[in-house]
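Chemist: dropping the sequence and predicted coords here.
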Amino acid sequence: MDTLKFTKMHGIGNDYVYVNCFHEVVEDPVGLSKKISDRHFGVGSDGLILILPSEIADCKMRIFNADGSEAQMCGNGIRCVAKYVYDHALVRKNPLTVETLAGIKTIELYTKNERVCSARVNMGRPKLMRPEIPMVGAETQVVDEMLVLNENTSFRVTCVSMGNPHCVIFVDDLKQLHIEKDGKAIGATGNCQLIDGRQFQRWSRHRTPGNPWRSGVDDIEAHIILVKHWLEREFAK
């Protein structure tokens, strides 16, 4: 039986199985991700992340969701990748760069006793134009637009991508939403319930089965949309 060395890591609960492809070979990452992510019969994770050499950055990462689909970016995952390559002396740079399907990202490392204790990733500028997200339609931003799912269901939506596309909807009460049904019809969705001027609750439904416990990219995109709506409201006064 073939053996494969792996490492299980998480960032704020968003857990992945990581494989060091500087030394290991994964011939079928789609199939492996499905098997290894199963929380009953596998290792159990939100997906599989491969850490690979790169010709244009210090290293490269490929992200596979639990259903085998490949993602562009994961903010928690890339911080774990940075810790792994530094702690295992694959790359001893600070900051270091990681190639992703969403472009090259730069990670600033904070170390203690020659090991990474925390990391900060520069996610880049948010993508707000339709072709960048991507979405069909005119080359405009999607801000507070009406989205009609059927004759009984419609939402006002704002869309953004920080590597993964999201449709953000503001609601009065998350508990009154049919999140699974409506989220599936829309795709990748983030719902925000404002608590007061400084706090909000967020719930997201991902396009792939099995929502991760946390998503840093979702948090960032929710904050971007909140700030954008606040700025437009202030300039409209």
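Modeler: Right, received. Where do you want to start?
Chemist: use CA for all of it now, contacts and neighbours both
Modeler: Fine.
Chemist: any stretches of this structure with poor pLDDT?
Modeler: For the chain, the stretches flagged by pLDDT under 70 are 1, 174, 176-177, 179-180, 184, 187-237.
Chemist: and the helices in it, which stretches?
Modeler: Here the chain has its helices, by DSSP state H, at 29-37, 75-87, 179-186, 216-236.
Chemist: shouldn't Arg92 be in contact with Tyr84?
Modeler: No - counting by CA atoms under 8 Å, Arg92 stays clear of Tyr84, with 10.6 Å between them.
Chemist: compare the two (neighbour count), which wins?
Modeler: When Arg92 and Tyr84 are compared for neighbours, Tyr84 comes out ahead with 20 against 13, by other CA atoms under 10 Å.
Chemist: any idea how far Met129 is from Phe170?
Modeler: Using CA to CA, to the nearest Å, one obtains 20 Å as the distance from Phe170 to Met129.
Chemist: what does Glu99 give?
Modeler: As judged by CA to CA, Glu99 and Met129 stand 23 Å apart.
Chemist: also Val30?
Modeler: Taking CA to CA, one finds Val30 at 30 Å from Met129.
Chemist: and Ser118, by the same measure?
Modeler: Taken as CA to CA, the span from Ser118 to Met129 is 32 Å.
Chemist: more neighbours, those two?
Modeler: More crowded of Ser118 and Met129, by other CA under 10 Å: Met129, with 18 against 15.
Chemist: which residue, neighbours along the chain excluded, lies closest to that one?
Modeler: Nearest non-adjacent residue to Met129, counting by CA to CA, 6 or more residues apart in numbering: Gln141, 4.5 Å away.
Chemist: which residues touch that neighbour?
Modeler: Leu128, Met129, Arg130, Cys159 (CA atoms under 8 Å, 6 or more residues apart in numbering).
Chemist: and the last one, bridged to which residues?
Modeler: Each beta-bridge partner of Cys159 is listed here: Cys167, as defined by DSSP bridges.
Chemist: isn't it right next to Phe170, touching?
Modeler: No - using CA under 8 Å, Cys159 is not in contact with Phe170, being 11.8 Å away.
Chemist: these two - which one has more neighbours?
Modeler: Cys159 (27 against 20).
Chemist: and the gap between the more buried one and Glu114?
Modeler: 41 Å.
Chemist: can you redo the contacts of Gln141 as TSV with distance to Cys74?
Modeler: Below are those laid out as TSV (distance: CA to CA, whole Å):
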residue	distance to Cys74
Leu128	18
Met129	21
Arg130	21
Cys159	18
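Chemist: which one of those residues is nearest Lys34?
Modeler: For the contacts of Gln141, the minimum distance to Lys34 (CA to CA) is 29.0 Å, reached by Cys159.
Chemist: who's in contact with that closest one?
Modeler: Leu128, Ile133, Gln141, Val142, Val143, Pro165, His166, Cys167, Val168.
Chemist: could you do Gly11 as well?
Modeler: So Gly11 contacts Asn76, Gly77, Arg79, Cys80 (CA under 8 Å, 6+ apart).
Chemist: and the two most separated of those residues?
Modeler: Asn76 and Cys80 (6.5 Å).
Chemist: who touches both of these two?
Modeler: With CA under 8 Å, 6+ apart, Asn76 and Cys80 have common neighbours His10, Gly11.
Chemist: pop the domain breakdown of this protein in here.
Modeler: 7-122, 130-236 (automatic domain parsing).
Chemist: which of those sits most buried?
Modeler: domain 7-122 (a mean of 18; mean count of other CA atoms under 10 Å).
Chemist: picking up where we left off before, which two of the contacts of Cys159 have the greatest separation?
Modeler: The largest separation in the contacts of Cys159, counting by CA to CA, is between Val143 and Pro165 at 14.0 Å.
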